[in-house]
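> take this sequence and fold it.
(chains A, B and C)
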Amino acid sequence: MSLLSVRDLTVKFAMRDNTVTALNQISFDLGKGERLGIVGESGAGKSITGFSLMNLISKPGFIDNGKILFEGQDIVQMSDADLRTIRGNRMAMIFQDPMVTLNPVLTIGQQMVETLQAHRDLTRQDAEKIAVMKLREVYIPSPEDRLNQYPHELSGGMRQRIIIAIALLLDPQLIIADEPTTALDVTIQADIMELLLELCQSNNVGLILITHDLGVVSQMTERTLVMYAGRIIEAGRTREIINDPQHPYTQGLINALPQQTLPGHRLKQIPGNMPSLANVPPGCPFSPRCDYAVDLCRTTLPKIVSYGQVEVACHEVERLHADDAAQEQSA
Amino acid sequence: MSSLTTNSEPSRWARMMSSNMAYSFRRNPVAMVSMAVFLLIAVAAVFSPLIAPFNPYDPANIDIMNSELPPAWVAGSDPQFALGTDDQGRDLWSTILYGTRLSLIIGLCAVAVQAFLGISIGLISGYVGGRVDSVLMRLADIQLSFSTLMVAIIFLAVTQAMFGSEVFNQYAVFMLIAVIGIAEWPQYARTVRATVLAEKKKEYVDSARVLGFGPLRIMVRHILPNSLSPIFVISTVQVANAIISEASLSFLGLGMPPSQPSLGSLISSGFDYIFSGSWWITAIPGVVLVVLVLVINLLGDWMRDVLNPKLYKG
Amino acid sequence: MLAYLVKRVFQAIAVMFAISLVSFAIQDNLGDPLRELVGQSVSEEVRQELRDELGLNDSFVVQYLRFAGNALQGDLGTSYFFKEPALDVILKKLPATLELVLGATVIIIGLSVPLGVYTAIKPNTILSRLIMGVSIVGISVPVFLTAILMIFLFSVELRMFPSYGRGDVVHLFGYWSTNFLTWDGWLHILLPSVALASIMLPLFVRLIRAEMMETLQSEYVKYARAKGIRPRRIYFVHALKNTLLPVITVGGVQIGTMVAYTILTETVFQWPGMGFMFLEAVNRVDTPLIVAYLIVVGFIFVVTNTIVDLIYGLVNPTVNLARMGA
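Sure, this is the predicted structure:
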């Protein structure tokens, strides 16, 4: 049985006079200890996916439809009290910006101890011992002293390490990391990612890594979802998606990587912008920017179809595969 | 509303007025009723000499024999005086109309002074920066930490004691406007300064400078329009506060004299008669004052919700 | 910490210096001390002699230094009306005012925090809407009008509470007179305290609500929820602590306004405190008393502001008191 199984997850936002669909029928699975990357431009729905897995969508957003089965239980249907026993305990989250994630008026120790005490019956002394142990695991120097410090006394990189330590406090099954390094200095981004990877592997923790950086995804994850305008447009093994992207959008993303461009040449950016969720064009949402778009793309939404190892939502890919199949038959 | 803004090219402000603000106004019954009540009071105040049956400032119109007559719906009233009379025998309805006019004039003028001072200082402080900025903002801090009402009470009390009440009463209107106006500039200055600092970094200010526009033109034509929505919200609240301050000062006998009463002094003169049962001299102007301030505050609340400006917080 | 304290005390002294200058200028220009001392029937020569004797012909600086020196020793002149040292007159009135302020402060703090937090957590309930509706009416009614209204309702019509004065007070330590030890005292202080609190309370409810709602939107509150922390702890530990920081600052700014409102409240209730006394002194042109009031009120204001600043520094961990002193 997989650790996490998401089916037809749809999230909407109630606006002044209409509702906007931010996530549209997202489905995917995650095995125990598996690492999954979710990539896409900002606004594609990556972060919303992360937050809905914890049922933490805040108003005016709401989960409209779908199931999120975590260890067999449906997160969507769960009561607040039951959700609390999962959040921070079985499933932990690492937020984007460590500068604003920790509460400025509580010490590191208080914020670690409260997390432990929320889920386990522990004395403060015992909780502090566990906290120090976890701080040591994320290579925080002199962890005992850190407990009495306030967040503002520590650097951004240090704070993100502490947040990783907090995520590991209760030995969760799954960690959701929402762009954990975008707010940090470039020089320490790699360190944090390496640490996260090392800890997930050694503790056999599942990871959902939300990022816009395909390079990071290729180093960190085994499988990848590519999102566009609130939908999954391509999903599969990370290596295959990087080496042989099927969807024109994924191809564009990979071509836009700096490594794909010769020195002195312009980056090959995808022309245009992602449509705002309030007015997604009919048909394939990527069609206005797509070189391969035909009339069908502009009128009919492509369904996500599985081709062995990868799943792709694209009419062109579907046609190519149909052609291949036809050729094979005629041969 | 849109007719006001159809001149020249539609600015950001004009577009906001026509779309978001008008939309929310039409959907908000509280705002509509408040606006209607405010306009009603304002029109009645402006045209009080035409509406009022008596001129409360004219001693020939006043007969002490008519004093403390109750309003029309209470036994013992005189049909001449719909809302009764005050302790001096003045028609209360007329006196309230004139008093409302005074309260509104003082409130609006005081806020105009505040806004003028505050916006000028804020623009200079933000645009010039450096030492001028830090001195002006330090001054704003100090000014803010002293309560306006306290400063006004002391200033007016001392002036009254110094010049005697006769001279004081003659210039009461101007002194109230000045003292309430001068004390509250930091509110505006801080908000405007914050906008200036934010706008100064943007390209269009640089390009205006490159085009050779002077600092005054850049500030007034380019930067100021961007601080309009917070200025609007602050002004609404400030008018309400200024009216309350004026009423409080007049109540203490440090504002408008009984011969030329504002709503506050009218309430004050009625207070002495409340124990003898003549509640209307206090209660009716009191209700008018509260309704006036309340509708302004409600409009301010609504505007803050709609415009949602970044207000400077202490 | 010490450096910060020293710096803060220096600021306080500077403000006191400014207040004393203003007070002296007022004393110098308001009323003629000679007439108060000897009346008008004295010849011009005797007047000049007296002027010399009293030092009224000295330079401004010399006169100010004498004034400041006397003030530091607690001598703020003699009240023309009471024929007593002005400072003594004021200190006798001080307990009445401070107890009134205390009563109002207890009401404000006791109610504004729970009401503000409740309306922030549950903004859409009928009770919240009611509280917010009442609060906007509350800030629209001037203090003196609330006071009059309450007198009319509870004293004149219902005869439940007395309308003026302090009632029976108990003297403590030979000096302090308190309302809080007799039933009659409680009855007398209730209406004035409520009236004094009436405009500040809605102000603080609205402020706490706005700050709390903003805090509840913050990343760290969302993070606390993601950690599985109970709502009660999120509201009262994570959010409230951050909410109260700006509230403390505003509270400090409002101290001056509170003093101004005591003048209004005391006038309506004829409460024998400093504010009521001040207005009487103004009407009698009792210059030494006016000046003494300014200095005492200025002093209270400076001291409380310094204390509020220190509390803010102690509560807010991001304020480094040691570094701020440098």
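> and the pLDDT at B:Asp78?
Predicted confidence (pLDDT) for B:Asp78: 69.
> am I right that A:Ser5 is in a helix?
No - secondary structure of A:Ser5 (DSSP: H, G, I helix; E, B strand; the rest coil): strand, not part of a helix.
> in contact with residue 258, which residues?
Unless you meant another one, I'm taking chain A. Taking C-beta atoms under 8 Å, 6 or more residues apart in numbering or on different chains, we find A:Pro258 in contact with A:Leu267. The way it works is simple: take the backbone N, C-alpha and C, and place the C-beta from them, glycine included.
> wait, I meant chain B there
If a contact means C-beta under 8 Å, 6+ apart, then B:Pro258 has B:Gln88, B:Ser265, B:Ser268, B:Ser269 as its contacts.
> which of these sit farthest apart?
B:Gln88 and B:Ser268 (13.1 Å; C-beta to C-beta).
> who has more neighbours, these two?
B:Ser268 (27 against 19; other C-beta atoms under 10 Å in any protein chain shown).
> distance of the closest residue to chain B within the stretch 151-300 of chain C from B:Phe146?
At 3.2 Å from chain B, C:Gly256 is the closest residue in the stretch 151-300 of chain C, using C-beta to the nearest C-beta. To B:Phe146, C:Gly256 is 5 Å away according to C-beta to C-beta, to the nearest Å.
> more crowded one of the two?
Taking other C-beta under 10 Å, C:Gly256 and B:Phe146 do not tie; C:Gly256 has more neighbours (23 against 19).
> mind checking which helix or strand the residue in chain B that chain A sits nearest to is in?
Ranked by C-beta to the nearest C-beta, the top residue of chain B for proximity to chain A is B:Tyr23, at 8.9 Å. Assigning secondary structure by DSSP states H and E places B:Tyr23 in helix B:22-27.
> for that helix, name the packing helices and strands.
For helix B:22-27, the elements it packs on are helix B:29-46, helix B:280-307, judged by 3 or more C-beta pairs under 8 Å, 6 or more residues apart in numbering or on different chains; DSSP states H and E.
> average pLDDT across that helix?
In this model, helix B:22-27 has a mean pLDDT of 78.
> what's the offset of it from the middle of its chain?
24 Å (C-alpha atoms, centre = their mean, to the nearest Å).
> return the set of buried residues in it.
B:Ser24, B:Phe25 (16 or more other C-beta atoms under 10 Å in any protein chain shown).
> can you dump the C-alpha coordinates of that helix into PDB?
Extracted in PDB, the C-alpha atoms of helix B:22-27 (Å, rounded to 0.1, in the frame of the first residue of the first chain):
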ATOM      1  CA  ALA B  22     -18.500  52.700  -6.500                       C
ATOM      2  CA  TYR B  23     -19.200  49.000  -6.700                       C
ATOM      3  CA  SER B  24     -18.700  48.400  -3.000                       C
ATOM      4  CA  PHE B  25     -20.600  51.500  -2.100                       C
ATOM      5  CA  ARG B  26     -23.700  50.300  -4.000                       C
ATOM      6  CA  ARG B  27     -23.500  47.000  -2.200                       C
END
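> you'd agree C:Met275 is in a strand?
Just so we're on the same page, residue C:275 is Gly rather than Met. No - checked against three-state DSSP, C:Gly275 lies outside a strand; its state is helix.
> pLDDT value on it, please?
C:Gly275 is given a pLDDT of 90.
> name the nearest residue to it, sequence neighbours excluded.
C:Ile263 (3.5 Å; C-beta to C-beta, 6 or more residues apart in numbering or on different chains).
> that neighbour sits in which helix or strand?
helix C:240-269.
> show me what that helix is packed up against.
Helix C:240-269 packs on helix B:130-145, helix B:148-170, helix B:228-251, helix C:86-121, helix C:143-150, helix C:183-216, helix C:274-283, helix C:287-315, going by 3+ C-beta pairs under 8 Å, 6+ apart.
> kindly recompute the last result at 6 Å.
helix B:148-170, helix C:143-150, helix C:183-216, helix C:274-283, helix C:287-315 (3 or more C-beta pairs under 6 Å, 6 or more residues apart in numbering or on different chains; DSSP states H and E).
> give me the mean pLDDT for the shortest one.
By that I understand helix C:143-150. Helix C:143-150 comes out at a mean pLDDT of 89.
> quick check, A:Trp197 in contact with A:Ser218.
You called it Trp, but residue A:197 is Leu. No - with contact defined as C-beta atoms under 6 Å, A:Leu197 does not count as touching A:Ser218 (12.0 Å).
> list the contacts of the residue nearest the centre of chain C.
Nearest to the centroid of the C-alpha atoms of chain C, with distances taken as C-alpha atoms, centre = their mean, sits C:Val259, at 3.3 Å. Applying C-beta atoms under 6 Å, 6 or more residues apart in numbering or on different chains, we find C:Val259 in contact with B:Met150, C:Val297.
> separation between it and B:Val179?
For C:Val259 relative to B:Val179 (C-beta to C-beta), the value is 17 Å.
> kindly report the same for B:Asp133.
Distance, B:Asp133 to B:Val179, by C-beta to C-beta: 26 Å.
> so those two - more neighbours on which side?
B:Val179 (25 against 17).
> please identify the helix or strand for that one.
Element membership for B:Val179, per DSSP H and E: helix B:172-183.
> isn't C:Phe154 right up against C:Met160?
Yes - applying C-beta under 6 Å, one finds C:Phe154 in contact with C:Met160, separated by 4.9 Å.
> so for these two, which residue has more residues nearby?
Ranked by neighbour count (other C-beta under 10 Å), C:Phe154 and C:Met160 place C:Phe154 first, with 17 against 11.
> what does chain A have sitting close to chain C?
Contact residues (C-beta under 6 Å from any C-beta of the partner chain) of chain A with chain C: A:54, A:56, A:84, A:87-89, A:93, A:95, A:100-101, A:103-105, A:115, A:118, A:150, A:152.
> ok, residues contacting the host helix or strand of C:Val61?
For C:Val61, the element it lies in under DSSP H and E is helix C:60-72. For helix C:60-72, contacts defined as C-beta under 6 Å, 6+ apart pick out C:Ser20, C:Phe24.
> recalculate using a threshold of 8 Å.
With C-beta under 8 Å, 6+ apart as the criterion, helix C:60-72 contacts C:Ser20, C:Leu21, C:Phe24, C:Gln27, C:Asp28, C:Gly55, C:Leu56, C:Asp58, C:Leu76, C:Gly77, C:Ile295.
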